[in-house]
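[1] Quick one, what's the 3D model for this:
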Amino acid sequence: PKEDYMKTLWRNMLQNQVVNPHPFQYIIHPRNVCSGNKVYLLIYVHSAPQNHRRRSIIRNTWGNPSNVPELPIKVLFFIGVVPLKSLWQEALLFESERYHDIVQENFVDSYRNLTYKAISALKYINENCKNVPYVLKTDDDVFVNTFSLIRYLESLSRYTEMFPNLKHIPQNETLKCLLWSKMRVVRDMRSKWFVSWEEWSDLFFPPYCSGAAFITTGSTAAAMFNASRYTPFFWIDDLY
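    You can find the predicted model right below:
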């Protein structure tokens, strides 16, 4: 049950008991991406080694920084490894040398390891980009309307300017998303979303953000990474 899960998290944090240490190492690690406060919006994209075409489309369409030249936007793709697929790895290294927008850790890139991919992004932000004003998480099969997104982010600033009394609200608590509520746990063993009773004992999941896209800040992402160390691993990354 979600209450027990949250109690476990708080107890682990209070006792400094790390239960999900994320022991993976970088294979591809671009540096200085966010140095000098030069990034207004960091977009991090869950991708896979073989999805070169999807990444290319994103670079040439909605992820192209020339779309909004007045605001610095950076797109990063987060990827794991595929064992015994050396040609994919060689292609990734070549792609990284050309575009400098791939972050890769040495966990196996698989559906059940998507939570590791999510944590790898939060870890990278914690180490390199915690001062970025806004962060967008999405997947490589999602189209982002960059223009609408920027207009929305700018409206948040205007909103606080119109109501000065709201400025005391910490901006680092921003987390905006499509919220899923009362999502029933899938018990059909034929489904890729099958969850056993041992994994989750409730009939429903607690409310959680859709993983297709959510907006946060660099400091919130860093705090989420810190919380992940004390949160028992669960393979559904959106829920986690």
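[2] any idea which helix or strand carries M189?
    Here M189, judged by DSSP states H and E, is contained in no helix and no strand.
[3] neighbours of it, just the number please.
    Using other Cβ atoms under 10 Å, M189 has 7 other residues around it. C-beta here means a position set from N, CA and C on the backbone, and glycine is covered the same way.
[4] Tell me if I'm right that G218 and L42 touch.
    Yes - between G218 and L42 there is a contact under Cβ atoms under 8 Å: 7.0 Å.
[5] Need the overlap of contacts for those two.
    34, 125, 129, 132, 135 (Cβ atoms under 8 Å, 6 or more residues apart in numbering).
[6] Name the single longest helix found in the chain.
    Longest helix in the chain, counting residues (DSSP state H): helix 146-162.
[7] Mind listing what's buried along that helix?
    146, 149-150, 153 (16 or more other Cβ atoms under 10 Å).
[8] sorry, back to before: give me the more crowded residue out of G218 and L42.
    When G218 is set against L42 and neighbours are counted by other Cβ under 10 Å, the residue ahead is L42, at 26 against 21.
[9] now the angle between helix 146-162 and the helix or strand where G80 lies, please.
    In this assignment (DSSP H and E), G80 forms part of strand 73-81. Between strand 73-81 and helix 146-162, the angle comes out at 120 degrees (axes from the mean of the first three to the mean of the last three Cα atoms, to 10 degrees).
[10] for the record, mean pLDDT for strand 73-81?
    Per-residue pLDDT over strand 73-81 has a mean of 97.
[11] I'd like to know which elements that strand is packed against.
    strand 41-46, helix 52-60, strand 102-108, helix 114-128 (3 or more Cβ pairs under 8 Å, 6 or more residues apart in numbering; DSSP states H and E).
[12] Repeat the analysis, applying 10 Å as the threshold.
    Applying 3 or more Cβ pairs under 10 Å, 6 or more residues apart in numbering; DSSP states H and E, we find strand 73-81 packed against strand 26-28, strand 41-46, helix 52-60, helix 86-99, strand 102-108, helix 114-128, strand 134-139, helix 146-162.
[13] what does the third one contact?
    Outside of helix 52-60, the residues that reach it under the criterion Cβ atoms under 10 Å, 6 or more residues apart in numbering are 43, 45, 47-48, 51, 63-65, 75, 77, 79, 88, 91-92, 94-95, 99, 101-102, 138-144.
[14] which stretches of the chain aren't confidently modelled?
    1-5, 37, 159-173 (pLDDT under 70).
[15] Try it again at 50.
    Flagging of the chain using pLDDT under 50 yields the residue ranges 1.
[16] thinking again about what came up before, so how far is the longest helix of the chain from its chain's centroid?
    In terms of Cα atoms, centre = their mean, to the nearest Å, the centre of helix 146-162 is set 21 Å apart from its chain centre.
[17] you'd agree K176 is up against L156?
    Yes - assessed by Cβ atoms under 10 Å, K176 is found in contact with L156 at 8.9 Å.
[18] Now the common contact residues for the two.
    Common neighbours of K176 and L156 (Cβ under 10 Å, 6+ apart) are 134, 215.
[19] Now the buried members of the contacts of helix 52-60.
    43, 45, 47-48, 51, 63, 75, 77, 79, 88, 92, 95, 101-102, 138, 140, 144.
[20] still on that earlier bit, list the neighbouring strands of the strand holding G80 plus their orientation.
    strand 41-46 (parallel), strand 102-108 (parallel) (DSSP bridges).
[21] relative to helix 52-60, how tilted is the first one?
    Right, the one you point to is strand 41-46. Going by the same axes, to 10 degrees, strand 41-46 makes 170 degrees with helix 52-60.
[22] Any chance you could give me strand 41-46 in CSV, C-alpha atoms only?
    What follows is strand 41-46, C-alpha atoms only, in CSV (Å, rounded to 0.1, in the frame of the first residue of the first chain):
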residue,chain,number,x,y,z
LEU,A,41,15.3,24.7,-20.5
LEU,A,42,16.9,21.3,-20.4
ILE,A,43,15.0,18.6,-22.2
TYR,A,44,16.0,15.0,-21.3
VAL,A,45,14.7,12.2,-23.5
HIS,A,46,14.6,8.5,-22.7
